[in-house]
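**Student:** build me a model from this:
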Amino acid sequence: MEKQTFKVSINAPRKTVWNVLWNDASYRAWTTAFSEGSRAETDGWKKGSKVLFLDARNNGMVSTVAENIPEEFMSFKHIGVVLEGVEDMNSAEGKEWNGSIESYALKPSPTGTELTVEMDVTEEYKDYFSKTWPKALAKIKELAEQH
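**Tutor:** Numbers count the residues shown, from 1 in each chain. Predicted structure coming up:
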């Protein structure tokens, strides 16, 4: 695993950025950078709850909310993959992602908010996330600055 870090400055308050990140409609909008039809199935992003990060074919990640400090910090611990709607923690791919962390930190800045995303990625997905995260952050910025 390798930790990748991505940052963007957004001309909007943290509350607005937070809502763009975790509101269902805007979440679906910015995560299209990763895959059309992306969505999250969650119990309100509560700490300790399970989250399924899915694409249109029901493939993705199974995770838990490791931390949720509203308008400041959210992190996820990935525990496996989802393949065609089936949670898989025991295959090689499922085990490879187990324990990886993805986090979102929102800090006030002179122009609004600085959003920092950190994600543990496998070698196989390093280039993919290097290309897609900047697109996702641009969409988050666009959505937050429209409010």
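**Student:** can you give me the helices in the protein?
**Tutor:** Per DSSP state H, the chain carries helices over the ranges 14-22, 24-30, 92-97, 126-146.
**Student:** okay, those, which one's buried deepest?
**Tutor:** The highest average neighbour count among these, using mean count of other C-beta atoms under 10 Å, belongs to helix 14-22 at a mean of 20. Quick note: C-beta positions are derived from backbone N, CA and C, even for glycine.
**Student:** picking up where we left off before, among the helices of the chain, which comes closest to Pro108?
**Tutor:** Nearest to Pro108 among the helices of the chain is helix 14-22; the distance by C-beta to C-beta comes to 6.4 Å.
**Student:** tell me the angle of that closest one relative to helix 126-146?
**Tutor:** Between helix 14-22 and helix 126-146, the angle formed by their directions is 130 degrees, by axes from the mean of the first three to the mean of the last three C-alpha atoms, to 10 degrees.
**Student:** who does helix 14-22 touch, helix- and strand-wise?
**Tutor:** Contact analysis of helix 14-22 by 3 or more C-beta pairs under 8 Å, 6 or more residues apart in numbering; DSSP states H and E lists helix 24-30, strand 101-109, strand 112-121, helix 126-146 as its packing neighbours.
**Student:** show residues contacting it.
**Tutor:** Residues outside helix 14-22 that contact it (C-beta atoms under 8 Å, 6 or more residues apart in numbering): 10, 26-27, 30, 45, 70-72, 74, 104, 106-108, 112-113, 115, 140, 143-144, 147.
**Student:** buried subset of these?
**Tutor:** 10, 26-27, 30, 45, 71, 74, 104, 106, 112-113, 115, 140, 143-144 (16 or more other C-beta atoms under 10 Å).
**Student:** farthest-separated two in those?
**Tutor:** Between any two of those, the greatest separation by C-beta to C-beta is 22.1 Å, found for Trp45 and Gly112.
**Student:** and Glu142, how far from Asn11?
**Tutor:** For Glu142, the distance to Asn11 under the criterion C-beta to C-beta, to the nearest Å works out to 11 Å.
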